[in-house]
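**Student:** quick one, structure for this:
(one chain, ligands or ions: 1)
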Amino acid sequence: MNGAGNAFAIFDARDRKFTPDADRIRAIAEQMQADQVMSIERDTMVDSYLRIWNSSGEEVDACGNGTRAVAHLLLAEAQKDQVKIRTNAGVLKGQKADNGLVTIDMGSPLMGWEDIPLSEKMDVRGVDVRIGPMDKPYLAKPAVVSMGNPHAVFFVDDVDAYDIPNIGPLVEWHPLFPEGVNVGFAQVIDRETIRLRVWERGAGLTKACGTGACAALVCAARAGKTERRAKLILDGGELIIHWQESDDHVLMTGPVELEMSFEV
Ligand SMILES: N[C@@H](CCC[C@H](N)C(=O)O)C(=O)O
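**Tutor:** Got it, this is the predicted structure:
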């Protein structure tokens, strides 16, 4: 499946065990050209339990687009208006939106430096990241937030002018981020539109990152650069992100596509 171009290989592990090691995940991701591998498992309390692995082989806690993709499957299967999916980052609600789109309530963003986590206390609106060549390092100041996974967001004038495959990895495993970080490059077009590209932790430059889109909107709205609702334009499609004032939750709405399904 894909969610706005973010590519997934999803295993239905409700009746069959799926216990891959990191090598197996890497092989599946390579074969299926997937950014993330996921498995849907039975859960006693909610509709399903979703496990998520990056294409690098590590299991992670959150994937916004992946959760939307699985919500789409479960909504169709159960013929329900809403499904609840347990992830390692918490229980998330998914529902159908207009025009075949799917919405996930991603819950509240976490803003404490320990929540991201950072290795030392810093102002999350602009942390100090020293990157660049050894002889000429430069200081960059991305905003950071957790959407169940860590994000650093650089606000730039022209997203397409940045060499993301070279800059992304320098930030992804910078010592300030003990668990690594997803690295977003956000260009505010106007108060309701952001162009975004994301170098994902453990997956590289993907066509879309759902939690990255939520993180970019939260950091932009927190800094007064945008409204709390905006369209995020990613390489693979568009997402509408709404950081609700009423309950602090972030809602993500966008397209989902089932590309193929088969028995293994
Ligand atoms: N593609 C995802 C995020 C997947 C996990 C991320 N790479 C991480 O390591 O936290 C999304 O749509 O949110």
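
**Student:** need the residues of the stretch 101-250 of the chain near the ligand, please.
**Tutor:** The stretch 101-250 of the chain has residues 149, 182, 200-203, 206, 209-211 near the ligand, with proximity defined as CB under 6 Å from any ligand atom. In this view, the C-beta of every residue, glycine as well, is placed from N, C-alpha and C.

**Student:** ok, and the most crowded of those residues?
**Tutor:** Neighbours here mean other CB atoms under 10 Å. Within these, the largest count is held by Cys209, at 36 neighbours.

**Student:** quick one, helices of the stretch 151-264 of the chain?
**Tutor:** For the stretch 151-264 of the chain, the helices defined by DSSP state H, counting those that start in this stretch cover 164-172, 210-222.

**Student:** could I get those in JSON lines, plus columns for mean pLDDT?
**Tutor:** Converted to JSON lines, the helices of the stretch 151-264 of the chain look like this (pLDDT from 0 to 100):
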{"stretch": "helix 164-172", "mean pLDDT": "94"}
{"stretch": "helix 210-222", "mean pLDDT": "98"}
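
**Student:** Ser39 is nearest to which of the ones you listed?
**Tutor:** helix 210-222 (18.1 Å; CB to CB).

**Student:** doesn't Ile28 belong to a helix?
**Tutor:** Yes. For Ile28, which was evaluated using DSSP: H, G, I helix; E, B strand; the rest coil, the result is membership in a helix.

**Student:** pull the contacting residues for it.
**Tutor:** The neighbours of Ile28, taking CB atoms under 8 Å, 6 or more residues apart in numbering as the test, are 9, 20, 34, 37.

**Student:** the last one touches Ala9, doesn't it?
**Tutor:** In other words, Val37. Yes. Because the distance of 4.9 Å satisfies CB atoms under 8 Å, Val37 is recorded as touching Ala9.

**Student:** and for those two, which residues touch both?
**Tutor:** With contacts taken as CB under 8 Å, 6+ apart, the residues that reach both Val37 and Ala9 are 28-29.

**Student:** just want to know which of these two has more residues nearby.
**Tutor:** Relative neighbour count places Val37 above the other of Val37 and Ala9, with 26 against 19, counting by other CB under 10 Å.

**Student:** not counting residues beside it along the chain, what's closest to Gly5?
**Tutor:** Gly236 (1.5 Å; CB to CB, 6 or more residues apart in numbering).

**Student:** and that neighbour, how far is that from Ser146?
**Tutor:** As judged by CB to CB, to the nearest Å, Gly236 and Ser146 stand 23 Å apart.

**Student:** which helices and strands sit right next to the helix or strand bottoming out on mean pLDDT in the chain?
**Tutor:** Across the helices and strands of the chain, mean pLDDT, DSSP states H and E gives its lowest value to strand 138-140, namely a mean of 79. With contacts defined as 3 or more CB pairs under 8 Å, 6 or more residues apart in numbering; DSSP states H and E, strand 138-140 has these neighbours: strand 129-131.

**Student:** so what strands line up beside the strand it packs on?
**Tutor:** Based on DSSP bridges, the strands next to strand 129-131 in the sheet, each with its direction, are strand 138-140 (antiparallel).

**Student:** what element comes up after the partner strand heading to the C-terminus?
**Tutor:** As assigned by DSSP states H and E, the chain's next helix or strand after strand 138-140 is strand 143-146.

**Student:** that following strand packs against which elements?
**Tutor:** Helices and strands touching strand 143-146, as assessed by 3+ CB pairs under 8 Å, 6+ apart, comprise strand 150-155, helix 210-222.

**Student:** and the contacts of the first one?
**Tutor:** Applying CB under 8 Å, 6+ apart, the external contacts of strand 150-155 come out as 116-117, 127, 129, 140, 142-145, 162, 171, 177, 179-188, 201, 211-212, 215-216, 219-220, 223, 225.
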